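J.: no letters, just coordinates:
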């Protein structure tokens, strides 16, 4: 047989890897073609020892030969709990080489968001949004890639990368088409499950080519490698046994051949039987036995190196192993000679700190770490934690060691873990914070602290696992220790978690029960406000009896002197708007919640005490009472606040959606569509079925219908599940009304009528009579005009009555449009003219355009049709443009 041997392989790990090297070369060539070249992604997968690292080293060699900038990083088995560990290795060396002002300039607005995660900026106060930090890291690479083109990123042992890095990598992989960056990822098969596995699957799905799965060496390649190492005199039987013993694993083959050389074994068939014993001594238990034969100090030094995991210096390992400098240096040399430790290649792995040593292979590091007796391993982690904190690097840096220490009722350890959790939350790593606090509970905390740890754990899991938050906060509230203010905070946060977990009725009961046990005062008022707020956004079959009356009575006593009173006034204003009460009174109530026309301190979009729901209630109350200037100002303020703070999860989804709603109400339909499509794009990442997903979808469907694109609106509705059952929380505008309008627009008249009747019934049960928000009655009247004109007329009267009660130009104008649609002759013309008069004064220009076109058709007025056509064009209302244009082309003229 012909032996397969590369003519000039720089590494034994590249034997039989010609196809992989060729694919890498092509990817580098594509990257280097020009600055507009699309990015590339290659994924190498294989078991330990199959040459993944060697292929990454070859990628570096090829790329650097072409003039590329190459950054690299590596996951570590004992470092998976260190947030942003791998992405820091990847990017931090490039960033720390800049002056602080230069780094801030390159990262721009993302500096304060991504900088703390990368360790180049101090974190702010409060919790960073994980999705926002992820977006910031994507933006950081995007900007650095423009500076350092052509850029190649190498990530080894991605199966051991931390969760935060994997989240970034999955998001980054999706956007490589817009970036001229080549990413090469190496990972083992298996070795990871849960969220991390899903992130890596997403990375693989985004790759340019199918994942490259590395195979073992063939017998011919093993023979060629054996003879290249031991000499051409190695006979065939010996070479076959090398392959059989190692299973063709390149790393094990190299290690076995090194042992053969060390033992001066002649490579002939007579000695082939000794290979199995030699192979056992190079791995697993055999490696540990070999380590123990060196000397006890060397074993302790190796254990210390395994505990440190990365950035291993002789000095740190000496302190951890309690060795003096001379003994430590001798141990390091012994371990290098034994091929257990080696000097790191500074160009091969990004480092965030100096390092003297690293393990020859991760398999060795794992074997050494697992050989440490359990009690000693835990004790050494405790010493390592003390060394880290004594160096001034903070509790978060020591956290991976702290969580490994044996529980021992240590109050100081609990405090350190809580502090580490706070630091993790400040940089956008809630999972790391959760691990710290869960470990703190195992200690366990002292009785007076226990409830506080549970509360903090509940807050840490709020964004990622609201169901867990519910359990933690209920447990915290069930034991002593929380002071009054913290207890109220816990109840409010518990109710928010219940809301996000689609348990709105339980959220209401929770705050109601806590409010009942408190004396009158600010705390009770806050809880009662939250109760009214959750009841106000509940889309159940009927409102709580007397709720609005109780709310109005309580709000009447409020002057807006503190944020609890201001919050209650906002909830009251929203409730009054939804019920269709007089708009001037609604606005007066809402204005009382402001301070000099602005949100009060502590009641801003990113302030944690009240949440986004309250401020959206305020803005919506203005939006549906024709105060669109105030509503849009609030919507944009919220969007800017979340973008500046880097909050790109559910808060940003809602912010874009409501900016879109503001555009839609104003009649800027193309801008509305753009905002809503961005909202829906972000909502896909957060999760389908949530109220925020419904908000984005509902408003996009409504906007597309206004633009006259019914088929496209139907396609959006079908693709995004815009159909019953509806969410348990209120969505604006009313989704049943929007779906009924959609069904009518696509010709499903009977289904549309049924949906509109259901919408009218549900709104009546809730006491929601604002005809602008719930427009089902108006659409139903139009739909029934032909088959049941008497009922249609009664419905039109109801719409007019509700509109006049609300008293806005938009509501009255829309009611007059409905009335005109049901009439004929001059009465229809007069009603249409009145609708134009009202809507001309309304801020809602799409409705004005529609009324103007309808009047032009009824009155056969070319000037009004032309003006309606101009308005429709300015609104981006393609359907109205076509309708008006058609009428003008057919020669409409005055009677």
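T.: Received, thanks. Everything numeric in this text was worked out from a predicted model, so none of it was measured.
J.: mind checking how far the spatially most central residue of the chain is from residue 688?
T.: Centre of the chain computed as the mean C-alpha position; nearest residue by Cα atoms, centre = their mean is residue 131, 3.4 Å away. Going from residue 131 to residue 688 by Cβ to Cβ, to the nearest Å gives 16 Å. In this view, the C-beta of every residue, glycine as well, is placed from N, C-alpha and C.
J.: the residue lying closest to residue 854 once chain neighbours are set aside: what's it in contact with?
T.: Distances taken as Cβ to Cβ, 6 or more residues apart in numbering put residue 832 closest to residue 854, at 5.5 Å, once the chain neighbours are dropped. By Cβ atoms under 8 Å, 6 or more residues apart in numbering, the residues touching residue 832 are 816, 817, 820, 851, 854, 855, 858, 859.
J.: so the residue nearest to the centre of the chain makes contact with residue 651?
T.: No: applying Cβ atoms under 8 Å, one finds residue 131 not in contact with residue 651, separated by 9.4 Å.
J.: returning to what we had before: what about the residue nearest to residue 854, helix or strand, and which?
T.: helix 825-840 (DSSP states H and E).
J.: do the same with residue 566
T.: helix 563-578.
J.: could I get the average pLDDT for the next helix or strand after that helix?
T.: Going down the chain from helix 563-578, the next helix or strand is helix 583-592, by DSSP H and E. Helix 583-592 carries an average pLDDT of 97.
J.: which elements pack onto helix 583-592?
T.: On a contact count with 3 or more Cβ pairs under 8 Å, 6 or more residues apart in numbering; DSSP states H and E, helix 583-592 meets helix 563-578, helix 612-623.
J.: who touches that helix?
T.: With contact meaning Cβ under 8 Å, 6+ apart, helix 583-592 is reached by 555, 558-560, 566, 569-570, 572-573, 576-577, 597, 618, 621-622, 625-627, 806-808.
J.: only whichever of those residues are buried, select them in ChimeraX.
T.: To isolate the buried ones among these in ChimeraX, judged by 16 or more other Cβ atoms under 10 Å, type:
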select :555,558,560,566,569,570,572,573,576,577,618,621,622,625,626,627,806,807,808
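J.: related to what we said a few turns ago, show the subsequent helix or strand relative to the helix holding residue 832.
T.: Going down the chain from helix 825-840, the next helix or strand is helix 845-859, by DSSP H and E.
J.: just checking, what packs against that next one?
T.: Using 3+ Cβ pairs under 8 Å, 6+ apart: helix 845-859 touches helix 809-822, helix 825-840, helix 862-875, helix 878-889.
J.: so where's this protein uncertain?
T.: Low-confidence segments of the chain (pLDDT under 70): 1-13, 281-286, 346-354, 540-543, 891-895.
J.: run through the strands of it in chain order.
T.: 40-45, 69-74, 151-156, 181-187, 212-213, 341-342, 358-359 (DSSP state E).
J.: can you redo these as JSON lines with distance to residue 487 and mean neighbour count?
T.: As requested, the strands of the chain are exported to JSON lines (distance: least, Cβ to Cβ, whole Å; neighbours: other Cβ atoms under 10 Å):
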{"stretch": "strand 40-45", "distance to residue 487": "50", "mean neighbour count": "23"}
{"stretch": "strand 69-74", "distance to residue 487": "44", "mean neighbour count": "22"}
{"stretch": "strand 151-156", "distance to residue 487": "45", "mean neighbour count": "25"}
{"stretch": "strand 181-187", "distance to residue 487": "46", "mean neighbour count": "26"}
{"stretch": "strand 212-213", "distance to residue 487": "55", "mean neighbour count": "16"}
{"stretch": "strand 341-342", "distance to residue 487": "53", "mean neighbour count": "20"}
{"stretch": "strand 358-359", "distance to residue 487": "50", "mean neighbour count": "24"}
